[in-house]
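**Student:** 3D, please:
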Amino acid sequence: MVFSPGRTEANALALTPGLRRGTAQKLERLLVSAIEHASVLAGGRFRPEAIGTIKVTAAGLVDLDHLRAQLAEGPAALVSVMLANNETGAVQPAAEVARIVHDAGGLLHIDAIQAFGKIPFDLSSTGADLVTLSAHKIGGPKGVGAVVLADDVQGLKPLLRGGGQELGRRAGTENVAGISAFGAAAKAAMEVLDVDASRLRSLKRQLEDGLKRTPGMIVFAEDAPRLPNTTLFTVPGLRAETAVIGFDLAGIAVSSGSACSSGKVQPSHVLDAMGLGRELAQGAVRLSLGWSTSETDIEMTLKAWRKLADALLKGGRNTA
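**Tutor:** Reported below is the predicted structural model:
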């Protein structure tokens, strides 16, 4: 495990040209899914011409046939696929992706940051060769992340050179307090994972059932396995910036995409990759539930939505 100051550096470190497992060939090609976090889409230290994109389905899942085709078109590759999407909440078939990648002689990097602490998983079950994690997604401090490597992964080159910290993989004095808090947060999250996931799944069902009382409501990636806490929705004709302002005035924090884009109104690259069109992407609103979310919060959110829907979509006619 190599500690870093958060997700972006952890992903940049993991996406290193020349990685290999044991005595296998060094990997100089990178394939990333079209719905990745910006820090993965940037490609780490791979040359732009060495980076390819894997398509996703309309449900927001990696297109496994396209992955196979991409792997067959060139030398073995490092493949990066997030375990769960930070906008739709769609959970990827990581173990199946790993089998396909390994059969083609490649390595798999999993960005598990959005899924960690929300769904049960262990590092070995994903089949991944490298996994990135971040503390703040599980209630730990911001600015602490980690790359977890399989024992025989070789060739991870440091982004920062200097001292020999982290076995020479990241120079600089470690953030001991942050790392300790990361460990405490991980332990606490694992202790309540099953109970909290079940509670959030019930609240999300209540939220989505209420939202769907609006005619034309679309819940993105609804047909895919999803995280228990994430809902991304729209109604044709809705403008996300207007909805974000309306929810904000009602005291409800939402975003028009991932949490990283909270307050921004640019169309989602994730929905674009899913082939859902610019109009729907421009109207996408993301709601996330957490450890403190209650049924009262859900009721307040639905009340705010009904008011918004009346004003924005139906010209005052009740939509509930």
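**Student:** Going by C-alpha atoms from here, please, whenever you check contacts or count neighbours.
**Tutor:** Fine.
**Student:** I'd like to know how far L160 sits from V2.
**Tutor:** L160 sits 12 Å away from V2, going by Cα to Cα, to the nearest Å.
**Student:** quick one: common contacting residues for the two?
**Tutor:** Residues touching both L160 and V2 (Cα atoms under 8 Å, 6 or more residues apart in numbering): R170.
**Student:** Have a look at those two and say which one is more surrounded.
**Tutor:** V2 (19 against 12; other Cα atoms under 10 Å).
**Student:** Tell me the bridge partners for the more buried one.
**Tutor:** V147 (DSSP bridges).
**Student:** does it really touch V144, like I thought?
**Tutor:** No - V2 is beyond contact range of V144, at 10.7 Å (criterion: Cα atoms under 8 Å).
**Student:** Check which residues of whatever helix or strand L67 lives in are buried.
**Tutor:** Element membership for L67 (DSSP states H and E) is helix 64-72. Across helix 64-72, burial judged by 16 or more other Cα atoms under 10 Å covers 64, 67-68, 70-71.
**Student:** hmm, who's touching it?
**Tutor:** Residues from elsewhere that reach helix 64-72 (Cα under 8 Å, 6+ apart): 52, 54-55, 77, 97, 100-101, 104.
**Student:** Let's see that with 7 Å instead.
**Tutor:** The contact list for helix 64-72 (Cα atoms under 7 Å, 6 or more residues apart in numbering) reads 54-55, 100, 104.
**Student:** Generate TSV for the residues you listed, with secondary structure and pLDDT as supplementary columns.
**Tutor:** Formatted as TSV, those follow (DSSP: H, G, I helix; E, B strand; the rest coil; pLDDT from 0 to 100):
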residue	secondary structure	pLDDT
I54	strand	98
K55	coil	98
I100	helix	98
A104	coil	97
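**Student:** how about low-confidence regions in this protein?
**Tutor:** By pLDDT under 70, the low-scoring segments of the chain are 257-266, 313-320.
**Student:** Helices of that one, start to end?
**Tutor:** Along the chain, the segments classed as helices by DSSP state H run 7-14, 38-41, 64-72, 94-103, 123-126, 176-191, 193-211, 240-249, 269-273, 278-282, 295-312.
**Student:** For N229, find the nearest of those helices.
**Tutor:** Closest approach to N229 among the helices of the chain is made by helix 193-211 (5.7 Å; Cα to Cα).
**Student:** helices or strands up against the closest one?
**Tutor:** Helices and strands touching helix 193-211, by 3 or more Cα pairs under 7 Å, 6 or more residues apart in numbering; DSSP states H and E, are helix 295-312.
**Student:** in the helix it packs on, what counts as buried?
**Tutor:** Applying 16+ other Cα under 10 Å to helix 295-312 flags 298, 301-310, 312 as buried.
**Student:** now the angle from that helix to helix 193-211?
**Tutor:** 30 degrees (axes from the mean of the first three to the mean of the last three Cα atoms, to 10 degrees).
**Student:** Was I right to think S256 contacts A240?
**Tutor:** Yes - with contact defined as Cα atoms under 7 Å, S256 and A240 form a contacting pair (5.8 Å).
**Student:** Got the phi and psi for A115?
**Tutor:** Main-chain torsions, A115, degrees, to the nearest 10: phi -90, psi -30.
**Student:** Run the angle between the helix holding L67 and helix 94-103 for me.
**Tutor:** Taking the same axes, to 10 degrees, helix 64-72 and helix 94-103 form an angle of 20 degrees between their directions.
**Student:** ok so, going back, taking the contacts of helix 64-72, tell me the two that lie furthest apart.
**Tutor:** The largest separation in the contacts of helix 64-72, counting by Cα to Cα, is between K55 and A104 at 17.9 Å.
**Student:** okay, those two: which has more neighbours?
**Tutor:** Neighbour count, other Cα under 10 Å: between K55 and A104, K55 has more, with 22 against 15.
**Student:** Look at the nearest residue to T301 once chain neighbours are set aside and say how many residues are nearby.
**Tutor:** Spatial nearest neighbour of T301, excluding adjacent residues (Cα to Cα, 6 or more residues apart in numbering): I252 at 7.0 Å. By the criterion of other Cα under 10 Å, I252 has 15 neighbours.
**Student:** quick one, which of S256 and A240 is more surrounded?
**Tutor:** Per other Cα under 10 Å, whichever of S256 and A240 has more neighbours is S256, with 30 against 26.
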